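1. kindly return the folded structure for what I paste below:
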Amino acid sequence: MENTERVGVGIVGAGQIARDRHVPGFRRLPGVELVAVANRGLESSRRAAEEFGFARAHRHWRDLLTDPDVDAVVIGAALHWFDRPAADREIARVLRSGGVVGVLANKRDTRPAWASALDDLLNEEFSDLARSPRSTDQATFDPELFTPPAYVEFPYSQSVDAEGLAEVVASRSYVIDMDDKERAALMAAVRDLARTHPDLAGRETFEVPYLTVAVRSFRR
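-> A predicted model of the protein is given here:
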């Protein structure tokens, strides 16, 4: 990177999380420039570039990796979708020695009583479902190529109302896969919890607590 005061960011995958979280977050950081985006195809990438102000749109993620103005790449997908260990070698290929690979994931903070009640509701509904592991639980990369991972957790919260809480739950892949009638019943139960739980009743909005887990390894 020639100019240490500027970091050019490229994003692979301009889905909902990238749109709602990654792009607004990067825009708030001084010295960060949204350089390039690669989505499902060239037209999709062009639409994302026009909407969010990326300088360039790429047809394929491999094209983005070779963009000379991209210093950091954000991949908007869970780590369990990656082809490991082939992905470890590909990440190592594009990182210089000392370069960083980072993995982020949110987990619900169930210490508040109402959040624990929500967790119980979802665990009961999906007790037989084999869920994919959290990305940060898989963030040990090839030890010949990367240093051992370092972990840190910090609190994060999202302000919602009853409908917003239902939307948060509805965005989960295992909820999306539900039968329409079963999903509607679950959404009704979530809204009811948000409106009637003693900790939430009568409140227009409230905070959904998370613990954000960050994992970092260095390219050897």
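2. lowest-confidence helix or strand of the chain?
-> helix 16-17 (a mean of 76; mean pLDDT, DSSP states H and E).
3. what is the next helix or strand after it packed up against?
-> For helix 16-17, the following helix or strand on the C-terminal side (DSSP states H and E) is helix 23-27. Counting contacts by 3 or more C-beta pairs under 8 Å, 6 or more residues apart in numbering; DSSP states H and E, helix 23-27 packs against strand 32-38. Any C-beta I mention is one placed from the backbone N, CA and C, and that applies to glycine too.
4. need the contact partners of the strand it packs on.
-> Residues outside strand 32-38 that contact it (C-beta atoms under 8 Å, 6 or more residues apart in numbering): 6-14, 23, 26-27, 45, 48-49, 52-61, 63-64, 67, 69-70.
5. restricted to strands, list those residues.
-> Of the contacts of strand 32-38, the ones assigned to strands by DSSP state E are V7, G8, V9, G10, I11, V12, R56, A57, H58.
6. what's the first one in contact with, if anything?
-> I take that to be V7. Counting by C-beta under 8 Å, 6+ apart, the residues that V7 touches are M1, G31, V32, E33, D71, A72.
7. point out where the protein drops to low pLDDT.
-> 1-4 (pLDDT under 70).
8. could you list the domains of it?
-> Listed domain ranges for the chain are 1-77, 101-220 (source: automatic domain parsing).
9. name the helices or strands packed onto the longest helix along the chain?
-> If you go by DSSP state H, the chain has its longest helix at helix 180-196. Counting contacts by 3+ C-beta pairs under 8 Å, 6+ apart, helix 180-196 packs against helix 113-125, helix 162-170, helix 173-176.
10. ok, the next helix or strand after that helix: who's next to it in the sheet?
-> Downstream of helix 180-196, the next assigned helix or strand under DSSP H and E is strand 206-218. Strand pairing for strand 206-218, using DSSP bridges, gives strand 100-108 (antiparallel), strand 150-160 (antiparallel).
11. strand 206-218 versus helix 113-125: what angle between them?
-> Using axes from the mean of the first three to the mean of the last three C-alpha atoms, to 10 degrees, the inter-axis angle of strand 206-218 relative to helix 113-125 is 70 degrees.
12. buried ones in stretch 110-123?
-> Under the neighbour-count criterion of 16 or more other C-beta atoms under 10 Å, stretch 110-123 has P112, W114, A115, A117, L118, L121, L122 buried.
13. I'd like the residues you listed as a markdown table, with distance to E144 appended.
-> Shown next, in a markdown table, are the buried residues of stretch 110-123 (distance: C-beta to C-beta, whole Å):
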| residue | distance to E144 |
| --- | --- |
| P112 | 43 |
| W114 | 46 |
| A115 | 41 |
| A117 | 46 |
| L118 | 42 |
| L121 | 44 |
| L122 | 39 |
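14. out of those residues, which comes closest to E163?
-> Ranked by distance to E163 (C-beta to C-beta), those are led by L118 at 14.7 Å.
15. do you know how far that closest one is from S171?
-> Using C-beta to C-beta, to the nearest Å, L118 is found at 14 Å from S171.
16. same deal with R46?
-> Per C-beta to C-beta, R46 is found 25 Å from S171.
17. I figured V190 hits L165, correct?
-> Yes. Using C-beta atoms under 8 Å, V190 is in contact with L165, at 5.9 Å.
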